[in-house]
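Visitor: Build the 3D model from these lines:
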Amino acid sequence: QDADFALFRYSDVLLMKAKETGFDGPDGTAVGIINQIRERAGATDYVAVDFNAGFYKYPANPADTNAITDNDKFMDALFKERRLELAFENQRLFDLIRAGKAVSALQENFAKEYDLHYSDYKPQPSLEDLQNNVTKDHLLLPIPQREIDANTTITIQQNPGY
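Guide: As a prediction, this is how the structure comes out:
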């Protein structure tokens with residue numbers, strides 16, 4: 001019986017290390033880790049053409065407009081890399097929640113997919129109703145009542161919104 005399966009991918013571990021290292025400059029360790037993953041995936045050095053038209057490593061020169069020059073750009077690049085590297089591995093929602101962008105991303109997705117997907121529903125829900133149902137409270141699942149009742153050691157509070 002074959003029971004071997006990956007629990008963590010090496011690239012996931014490297015991206016966790018980059019996040020914990022934190023932004024330390026465009027030529028620092030954290031950006032270097034992201035570039036290591038990009039290089040393994042086939043990215044080449046950026047040579048002053050359209051950065052978005054190809055697949056390049058992030059430039060180390062802080063004067064380059066495509067360089068990662070602050071913590072916000074670093075976090076955006078990190079989560080973008082996680083999205084690319086861990087595609088179809090059910091990590092994206094958790095990354096969006098950690099980044100504080102889940103509600104807006106899900107609402108944008110409803111708007112983008114509304115005409116294509118929800119036109120077949122009878123009765124058709126409104127886009128506004130769908131978007132209003134995406135709240136920070138609904139990003140957490142309810143704690144099962146039997147677990148709350150069975151725990152006699154501590155008092156467990158139900159997650160907000162339930």
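Visitor: Helices along this protein, start to end?
Guide: Assigned by DSSP state H, the helices in the chain fall at 10-21, 29-40, 71-85, 92-99, 102-117, 127-132, 145-150.
Visitor: quick one: contacts for the nearest residue to Ala105 once chain neighbours are set aside?
Guide: Nearest residue to Ala105 in three dimensions, chain neighbours excluded: Leu96, at 5.1 Å (Cβ to Cβ, 6 or more residues apart in numbering). Using the backbone N, CA and C atoms, a C-beta is placed for each residue, glycine as well. Residues in contact with Leu96 (Cβ atoms under 8 Å, 6 or more residues apart in numbering) are 102, 105-106.
Visitor: Gly54 now?
Guide: Gly54 makes contact with Thr44 under the criterion Cβ under 8 Å, 6+ apart.
Visitor: Could you report the pLDDT at it?
Guide: pLDDT, Gly54: 83.
Visitor: Number of residues surrounding Phe23?
Guide: Neighbour count for Phe23, taken as other Cβ atoms under 10 Å: 21.
Visitor: likewise Arg83?
Guide: Neighbour count of Arg83, defined by other Cβ under 10 Å: 13.
Visitor: Would you confirm that Leu141 contacts Gly161?
Guide: No. Contact between Leu141 and Gly161 fails when scored by Cβ atoms under 8 Å: they sit 10.2 Å apart.
Visitor: residues of stretch 104-111 that come out buried?
Guide: Neighbour-count burial for stretch 104-111, counted by 16 or more other Cβ atoms under 10 Å, picks out 106-107, 110.
Visitor: Next, count neighbours for Ile33.
Guide: So Ile33, with other Cβ under 10 Å, has 20 neighbours.
Visitor: contacting residues for the closest residue to it other than its chain neighbours?
Guide: Closest residue to Ile33 apart from its sequence neighbours, by Cβ to Cβ, 6+ apart: Ala18 at 4.0 Å. Going by Cβ under 8 Å, 6+ apart, Ala18 touches 29-31, 33-34, 78.
Visitor: what's the closest residue to Asp24 other than its chain neighbours in contact with, if anything?
Guide: Nearest residue to Asp24, sequence neighbours excluded (Cβ to Cβ, 6+ apart): Ala30, at 5.5 Å. Neighbour list for Ala30: 18-19, 21-24, 74, 78 [criterion: Cβ under 8 Å, 6+ apart].
Visitor: Many thanks, we can stop here.
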